[in-house]
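Participant: Need the 3D shape of this:
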Amino acid sequence: MAKILIVEDEAKIARFVELELKYEGYEVEIASDGRMGLDKALHAGADLVVLDIMLPGLSGIEVCRRVRMESEIPIIMLTAKDDVTDKVAGLDMGADDYMTKPFAIEELLARIRVALNRHAKKAAGAKKKDEISFGPLRLDVAGHSAYYGEEELSLTKKEYELLEYLLKNKNIAVTREQLLNNVWGYEYFGDTNVVDVYIRYLRQKIDDRFEVRIISTVRGVGYIIRDEK
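Facilitator: Now for the predicted structure:
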C-alpha cells in the first residue's frame, strides 16, 4: 500500500487523518513543521503528501515549491480558510489538489486515491515511452541498455544504436544507406559493408545466443525487424 506523508502542525488533525489513513491500509508518516516536512517529502520515500499551508518553519507554499524542484510526488494542499489566493498559490507551485478545512475525511480519501492513480498512470506512461519492446527483447532508451528477458545484453554503443533504429522502424525495410546516415551519421564516408558487419555482431549476441530470429535480411534492400504473423 502507498505511504502518505502528513505535514500538519495541528496535532489533533494530524492524528485524526493518520488513524483514518491507517484504517484504509496506508502507511503513514507525520511531520509537524515545514522544514521537517520538506526533508521527509524528499527523502522518506512517501508516495503522496498531504500538506497544510499554514506551517511553522516554512510555509506549505514554500515546501511545495521546493519539493517540485526535485520531485513529482503528488501533493494535496490543506488550507484553513476558503481563500482563493491560497488555492491559486498552491496550484501555481505545483500542488495536484487542495482541500479547505474543515473537510470530510471521505472526500480527502477519495482525492488521495485519485491523485495516486493519476500519478501511477503518468509514471507508467513515462516508463513505456522510455522503453522499446519486441517480444522478450527490450531496450531501456533512458539507460541506453538492452535486455533479452531478464538478461542484459553486452552491446557496444554502435550496436545498441543500430538495434534501436531497427526497432523504431519495425516492419519497415531500411537500406544500408539509411542505417549509415542515421546510426553512423552523415559525415561517415566508409564502406556500407560496416552495416553488414554490425548486423552480424547483433545476430551473434541475440539471434544465435537465444536461438531466435530478430533481424531479417531483405535482399536487394537492407534489413528489417518485423512482427511475427
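Participant: Need the pLDDT of residue 129.
Facilitator: According to the per-residue confidence, residue 129 scores 60 in pLDDT.
Participant: ignore the last one, residue 183
Facilitator: 88.
Participant: repeat for residue 186
Facilitator: The pLDDT attached to residue 186 in the predicted structure is 55.
Participant: repeat for residue 180
Facilitator: Note on residue 180: pLDDT of 87.
Participant: Repeat that for residue 99.
Facilitator: In the prediction, the pLDDT value recorded for residue 99 is 89.
Participant: Same question for residue 81.
Facilitator: The per-residue pLDDT reported for residue 81 equals 68.
Participant: same check, this time on residue 140
Facilitator: According to the prediction, residue 140 has pLDDT 88.
Participant: residues contacting it?
Facilitator: Contacts of residue 140 were listed using CB atoms under 8 Å, 6 or more residues apart in numbering, and they are 130-131, 146-147. The way it works is simple: take the backbone N, C-alpha and C, and place the C-beta from them, glycine included.
Participant: now, which of those lie within helices?
Facilitator: Applying DSSP state H to these, no entry is found in helices.
Participant: of those, buried ones?
Facilitator: Burial of the contacts of residue 140 was assessed by neighbour count (16 or more other CB atoms under 10 Å); the buried members are 146-147.
Participant: the domain parsing of this protein - what is it?
Facilitator: Listed domain ranges for the chain are 3-129, 131-224 (source: automatic domain parsing).
Participant: The helix or strand bottoming out on mean pLDDT in the chain - contacts with which helices or strands?
Facilitator: Considering only helices and strands, the least confidently modelled element of the chain by mean pLDDT, DSSP states H and E is helix 84-92, at a mean of 76. For helix 84-92, the helices and strands in contact under the criterion 3 or more CB pairs under 8 Å, 6 or more residues apart in numbering; DSSP states H and E are helix 60-68, strand 75-79, strand 97-100.
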